[in-house]
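S.K.: Structure of the sequence below:
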Amino acid sequence: MFRTIFLLAPVFVSIFWAFALSGNKNEYSTPRLFLSKFMLFTALIFTAHFLYFAPFPDIYIYFDLPLQLVGITIFPLYHIYFRLLTVDKKFSFRAHTRYFIVPLIIGLVYGFAVLLTPLNDYKLWLYHLLPDAKSSPAITFLTVMRIIVKITFTLTLIISMISNYNLMKKYGHKAEQFYSDIQDAKQRNVKRLNRSLLAIGFVSLVIVLIGRLLIIPFDALIYAGWSMFALLIFIMGDSGIKQKVVNPSSEVEVRNSFYEVNPGGLTAKDSKALLGRIITEFHMNRIYLNSELTIMDLVKVVGTNRTYISSVINQNFNTNFCSFVNAFRIEELEQVMLSNPGLSNEELAQCCGFGSVNSLKRAISAKKGISLKAFRQESDNKRNSEYPKN
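M.R.: Residues are numbered from 1 along each chain as shown. Have a look, this model is predicted:
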């Protein structure tokens, strides 16, 4: 019973996230929807593993080929998810087929090898029960192809992880020029996503090296390995549902308003005027109190494009949009804490534009280099020095 529960745990976790990631239409995004489909493929993989280790050999023989095919395409699929977070607006067969060409060819050849093998021999071969005397050319071909599949699995894991890391490194700063929420800008979730899949790949490779036949009799290995799979898939889903696009590319430029998009860039006069409008929005209109503020919200009220705004902020304040906004929020926080020392952390976060206590803590740490507790203590000391008790 426990063996069955542990074997099915990754399946249930994958299905849960497949629905959760696609269920909230208010927070719909192309990457999130793609990740939900990815979770369905993950569920298929672990369903096949369940049938093998349960074991149900009469059923598993029909799942082995899909398992191998999905297994060598799962990491390219995950790389496409990262591309949707960073450089691609939507999934396209024309644009993304190239990532599947080699795995699909290998998968088709493996499928051809399966078709050449008599069904009963194939079933015995899957569980390493086929006598050496029956090692026909078809079985030999199948064995070679299985080795190639394992090599392909390893190579796609390595290539995808390196490619994902490079995408984060190249485009990670874009989020800091788009989101005002420091959690969305710092990409902690996307890093967790990549590390989680790397860990899943590593555990899978360990199982391959041990050999599936050696694992079948040992419940402890099943409990440990599949608990790890379920936990890592949960972390992936949790990170994915929180992760926003790293490089937001779907923006609408504001035309025929304060500034037109000028390929030649801003003049010194225009730059000064734009800076004045930005400062007005922050000092007079206090736009930073919107916890969901993005640079596109500022684009709409100022009447220009995000490139010009980023340039003006970088040149005049030597910082990115996220840090610029949070500097105003921290100033607001200092004033609110002096006048209302009794407010809770949650109330402070909400009224100063942070949205959450975690974002508040991260902003203080990034700006001041201290904890929220130390920040509050500094505020108390300042208030006591300015208004000493009689």
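
S.K.: all contacts plus neighbour counts: C-alpha atoms, from now on.
M.R.: Fine.

S.K.: Give the closest residue to the residue most central in space within the chain in space, chain neighbours not counted.
M.R.: Closest residue to the average C-alpha location of the chain: residue 190 at 3.6 Å, with CA atoms, centre = their mean. Counting by CA to CA, 6 or more residues apart in numbering, residue 243 is the residue found nearest to residue 190 once chain neighbours are left out, at 6.4 Å.

S.K.: How about residue 234?
M.R.: That would be residue 13: by CA to CA, 6+ apart, it lies 6.3 Å from residue 234.

S.K.: what's near enough to touch that neighbour?
M.R.: Applying CA atoms under 8 Å, 6 or more residues apart in numbering to residue 13 gives the contacts 230, 233-234.

S.K.: Please repeat the previous calculation with a cut-off of 10 Å.
M.R.: 39, 42-43, 229-234, 237 (CA atoms under 10 Å, 6 or more residues apart in numbering).

S.K.: Check which element follows the helix or strand harbouring it along the chain.
M.R.: Using DSSP states H and E, residue 13 sits in helix 2-23. Later in the chain than helix 2-23, the nearest helix or strand by DSSP H and E is helix 30-53.

S.K.: Against residue 112, how distant is residue 118?
M.R.: 12 Å (CA to CA, to the nearest Å).

S.K.: With residue 337 instead?
M.R.: In terms of CA to CA, residue 337 sits 71 Å off from residue 112.

S.K.: Of the two, which one has the most company?
M.R.: residue 337 (18 against 15; other CA atoms under 10 Å).

S.K.: From what I see, the more buried one and residue 380 are in contact.
M.R.: Yes: if you go by CA atoms under 10 Å, residue 337 and residue 380 touch, sitting 8.2 Å apart.

S.K.: So residue 297 sits against residue 287, correct?
M.R.: Yes: Residue 297 is within contact range of residue 287, at 9.0 Å (criterion: CA under 10 Å).

S.K.: More neighbours: which of these two?
M.R.: Taking other CA under 10 Å, residue 297 and residue 287 do not tie; residue 287 has more neighbours (21 against 15).

S.K.: Skip the chain neighbours and tell me the closest residue to the more buried one.
M.R.: Per CA to CA, 6+ apart, closest to residue 287 is residue 281, 5.9 Å.

S.K.: residue contacts, the one you found?
M.R.: 287-288, 298, 301-302 are the contacts of residue 281 under CA under 10 Å, 6+ apart.

S.K.: Can you show me the helices along the stretch 201-350 of the chain?
M.R.: If DSSP state H, counting those that start in this stretch is used as the criterion, the helices of the stretch 201-350 of the chain fall at 212-215, 219-242, 268-283, 295-302, 306-317, 321-339, 345-351.

S.K.: Out of these, name the one with the poorest average pLDDT.
M.R.: Of all the helices of the stretch 201-350 of the chain, the minimum mean pLDDT falls on helix 212-215 (a mean of 72).

S.K.: residues making contact with that one?
M.R.: 49, 52-53, 126-129, 207-208, 221-222, 225.

S.K.: Highest neighbour count among those?
M.R.: Going by other CA under 10 Å, residue 52 tops the contacts of helix 212-215 with 23 neighbours.

S.K.: pLDDT value on that one, please?
M.R.: 90.

S.K.: wait, isn't it in contact with residue 59?
M.R.: Yes: here residue 52 lies in contact with residue 59, judged by CA under 10 Å, at a distance of 8.6 Å.

S.K.: Identify the contacts common to these two.
M.R.: By CA under 10 Å, 6+ apart, no residue touches both residue 52 and residue 59.

S.K.: Quick check: residue 238 vs residue 212, distance?
M.R.: For residue 238, the distance to residue 212 equals 29 Å [CA to CA].

S.K.: now residue 69
M.R.: Taken as CA to CA, the span from residue 69 to residue 212 is 18 Å.

S.K.: got it, and residue 244?
M.R.: Counting by CA to CA, the gap from residue 244 to residue 212 is 38 Å.

S.K.: between those two, which one's more packed in?
M.R.: For residue 244 versus residue 212, neighbours defined as other CA under 10 Å are more numerous around residue 244 (23 against 16).

S.K.: which phi and psi does that one have?
M.R.: phi -100, psi 170 (degrees, to the nearest 10).

S.K.: Contact partners for it?
M.R.: Residue 244 neighbours (CA under 10 Å, 6+ apart): 27, 29, 31-32, 85-86, 175, 179, 183-185, 187, 189-190.

S.K.: Show me which of those are buried.
M.R.: 29, 31-32, 85-86, 175, 179, 183-185, 187, 189-190 (16 or more other CA atoms under 10 Å).

S.K.: Show me which of those is closest to residue 342.
M.R.: residue 183 (26.0 Å; CA to CA).

S.K.: tell me the pLDDT at that closest one?
M.R.: Residue 183 is given a pLDDT of 75.

S.K.: Near the residue nearest to residue 190, how many other residues are there?
M.R.: Neighbours of residue 243 (other CA under 10 Å): 21.

S.K.: No further questions, thank you.
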